[in-house]
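Build the 3D model from these lines:
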Amino acid sequence: QVHLTESGGDVVHSGGSLRLSCAASGQSFSSRTLAWFRQAPGKEREFVAAIRGTPSTTHYADSVKGRFTISRDNAKTTLYLQMSSLNADDTAVYYCAAGRGRIILSAQRAETSYDYWGQGTQVTVSS
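Residues are numbered from 1 along each chain as shown. Okay, the predicted model is just below:
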């Protein structure tokens, strides 16, 4: 069993930056593929970024590529999402997710690939 807790959500001006964190408890953190998803008001939840265990290869949605960076600290069992050049389209509730283990690249964008989810943290970008 894995428990995930996101933090770091806030209100930020357009063009600003923010870092989200996701603290995890449970076993086998370093071997799990982890991801960030987000859900904007009135929209379905969408994939943002994923990171595998070892090696920590990353994968991004086109909408955030070059602006967001996903990373992990296995010693602290924490997942991060560094966000920059934020705009109104980034306003959403952000969720972290963990798989049971390694998730292949072609499956990393699918919500159903992940077994554990956090409660979400709100990011609001104001113009």
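
Helix or strand: which one has Leu20?
Using DSSP states H and E, Leu20 maps to strand 18-25.

Check the secondary structure at Thr112 for me.
Following DSSP: H, G, I helix; E, B strand; the rest coil, Thr112 is assigned to helix.

what's near enough to touch it?
Shown in contact with Thr112 (C-beta atoms under 8 Å, 6 or more residues apart in numbering): no residues. Just so you know, the C-beta spots here come from the backbone N, C-alpha and C atoms, and that holds for glycine as well.

where's it relative to Phe47, distance?
Per C-beta to C-beta, to the nearest Å, Thr112 is found 12 Å from Phe47.

What of Leu86?
Distance from Leu86 to Phe47, by C-beta to C-beta: 18 Å.

do the same with Gln108
7 Å.

Name the residues contacting each of the two.
Each of Ala35 lies in contact with both Gln108 and Phe47 under the rule C-beta under 8 Å, 6+ apart.
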